[in-house]
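Asker: after the sequence you'll find the predicted model.
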Amino acid sequence: MSYYIGQMSGTSLDGIDTVLMRFDKGQMTLLAQHHLDFDLAMKASILALCDGSQDELHRAYMLSNELSKLYASSVQALLEQHNIPRGDISAIGCHGQTVRHRPPAYSVQLINGALLAETCGIDVVCDFRSRDMAAGGQGAPLVPAFHRVLFRQAQTQAQAQSDTFVVNIGGMANISRLTAAGGTEGHDTGPGNVLMDAWCQQHLNQPFDKDGAWAASGQLNTSLLAQLLREEFFKLPPPKSTGRELFDLEWLQRQLDAQEAIVPTADVMTTITQLTVESIAREIEQLSQRGRVIVCGGGALNLYLMSRLTERLPRFGVLSSAELGHDPQCIEAMAFAWLAKQCIEREVANVPQVTGAKGGRILGAIYPR
């Protein structure tokens, strides 16, 4: 039996998710979870690095230290809340905060693994993308192998005869295809919450569109949707991954500027929500004609988005991972606990057909306590 901590702070910039996982004889169990919000200053600092501002090197290192102290604080809060001795934890798997993703050249996650290990007194595994990229891969998505392990436990015999798609809707969206034959595939599909959150922050001064209520109040603009879907990324075959380097407010504004008429702000929200739905649905339909779709990430909490995705995929059973007993907000952090375990045990963790790497690789760099 072993215990691992997983940490994730995604492109949505809502904060740090920390989970405690137990691994025992091929079974894994989520034991505890903790969420630490980013304050507005931290969000602004991260976004400034994302957009390529000057003096990046100094600011990146200083911000890595600040973030690592926050990661440590979240670990400490989780251990104290559940009265767990730090000596029981085999390792912390921390993804760090992605601020630049430019495959095949590089991908940057802000984290000081040595500082996190020193502060927590626990081994740390981080830098999960680099080895896959060194082997010619995209370094993303990293979660399909974990999705295979997690959701095969929840499959009935009948469900095992058809494909299962796990759709992670964070800042970006990605799909994992778990085939009935036992194969694992996956890739990014495009924007998840990133455009919706940015539009909501700009026009409502709210961090996100709660329950999709604002999107539900508008009208779909089919002309704008068609314009958005002309983006070349959507036409690329997998393996592929993306980030804020492409899909941001500037990209959206260029598409709006190409429209003949001004689109009301609520209609824009409706349409960019549908963009997330449509880009996910098209990728799924290219791969399979039936099966089930399990949605996780923050997008699973958007009631309007979930209803539109269900309507868009009538031949598929669409459900939230919560219906299978897995908190949608915890699954990525759970994945990094599993990835840390794979690294410590020197087990392959990437899926070459997902990332495009030359072969299976052990992912992560270890910082001993």
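Answerer: Arrived safely.
Asker: could you confirm Gln109 falls within a strand?
Answerer: Yes: assessed by DSSP: H, G, I helix; E, B strand; the rest coil, Gln109 belongs to a strand.
Asker: which phi and psi does the closest residue to it other than its chain neighbours have?
Answerer: When the adjacent residues along the chain are set aside, Gln109 lies closest to Gly96, with 3.3 Å between them (Cβ to Cβ, 6 or more residues apart in numbering). No exception for glycine: its C-beta is placed from N, CA and C like everyone else's. According to degrees, to the nearest 10, the main-chain angles of Gly96 amount to phi 80, psi 180.
Asker: what mean pLDDT does stretch 283-300 get?
Answerer: Throughout stretch 283-300, pLDDT has a mean value of 96.
Asker: by contact count, what packs against the lowest-mean-pLDDT helix or strand in the chain?
Answerer: The least trusted helix or strand in the chain, going by mean pLDDT, DSSP states H and E, turns out to be helix 40-50, with a mean of 86. With contacts taken as 3 or more Cβ pairs under 8 Å, 6 or more residues apart in numbering; DSSP states H and E, helix 40-50 sits against helix 56-81, strand 89-102.
Asker: turn these into CSV, including mean neighbour count and mean pLDDT.
Answerer: Shown next, in CSV, are the helices and strands packed on helix 40-50 (neighbours: other Cβ atoms under 10 Å; pLDDT from 0 to 100):
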stretch, mean neighbour count, mean pLDDT
helix 56-81, 17, 95
strand 89-102, 24, 96
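Asker: minimum distance to Asp327: which of these has it?
Answerer: Closest to Asp327 of the helices and strands packed on helix 40-50, according to Cβ to Cβ: helix 56-81, at 14.2 Å.
Asker: got the angle between that closest one and strand 89-102?
Answerer: 150 degrees (axes from the mean of the first three to the mean of the last three Cα atoms, to 10 degrees).
Asker: for Met269, see how far away the residue nearest to Ala266 when sequence neighbours are not counted is.
Answerer: For Ala266, ignoring the flanking residues on the chain, the nearest one in space by Cβ to Cβ, 6+ apart is Gly218 at 3.4 Å. Here Gly218 is placed at a distance of 6 Å from Met269 (Cβ to Cβ, to the nearest Å).
Asker: who has more neighbours, these two?
Answerer: Met269 (25 against 17; other Cβ atoms under 10 Å).
Asker: quick one: residues contacting that one.
Answerer: Met196, Trp199, Cys200, Asp209, Trp214, Ala215, Gly218 (Cβ atoms under 8 Å, 6 or more residues apart in numbering).
Asker: highest neighbour count among those residues?
Answerer: The contacts of Met269, ranked by neighbours (other Cβ under 10 Å): first place Met196, 28 neighbours.
Asker: contacting residues for it?
Answerer: With Cβ under 8 Å, 6+ apart, Met196 has these contacts: Phe208, Asp209, Ala215, Met269, Ile272, Thr273, Thr276, Asn302.
Asker: output those in TSV; the columns should cover secondary structure and distance to Arg290.
Answerer: Shown next, in TSV, are the contacts of Met196 (DSSP: H, G, I helix; E, B strand; the rest coil; distance: Cβ to Cβ, whole Å):
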residue	secondary structure	distance to Arg290
Phe208	coil	32
Asp209	coil	30
Ala215	helix	28
Met269	helix	31
Ile272	helix	28
Thr273	helix	25
Thr276	helix	22
Asn302	coil	24
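Asker: shaky segments in this structure?
Answerer: Along the chain, segments meeting pLDDT under 70 span 52-54, 153-160.
Asker: now Thr29. Nearest residue, chain neighbours left out?
Answerer: Arg22 (4.7 Å).
Asker: could you measure the one you found against His95, distance?
Answerer: In terms of Cβ to Cβ, Arg22 sits 20 Å off from His95.
Asker: one more: Gly6?
Answerer: 8 Å.
Asker: which parts of the helix or strand Arg282 falls within are buried?
Answerer: Per DSSP states H and E, Arg282 falls inside helix 265-287. Neighbour counts over helix 265-287 (16 or more other Cβ atoms under 10 Å) mark 266-281, 283-284 as buried.
Asker: quick one: the strands in the stretch 251-369 of the chain?
Answerer: Per DSSP state E, counting those that start in this stretch, the stretch 251-369 of the chain carries strands over the ranges 291-296, 316-320, 365-367.
Asker: what's around the residue nearest to Gly93 when sequence neighbours are not counted, how many residues?
Answerer: Spatial nearest neighbour of Gly93, excluding adjacent residues (Cβ to Cβ, 6+ apart): Ala340 at 2.8 Å. Neighbourhood size, Ala340 [other Cβ under 10 Å]: 30.
Asker: verify the stated contact: Ala340 with Ile89.
Answerer: No: counting by Cβ atoms under 8 Å, Ala340 sits too far from Ile89 to count as a contact (10.0 Å).
Asker: fine by me, thanks again.
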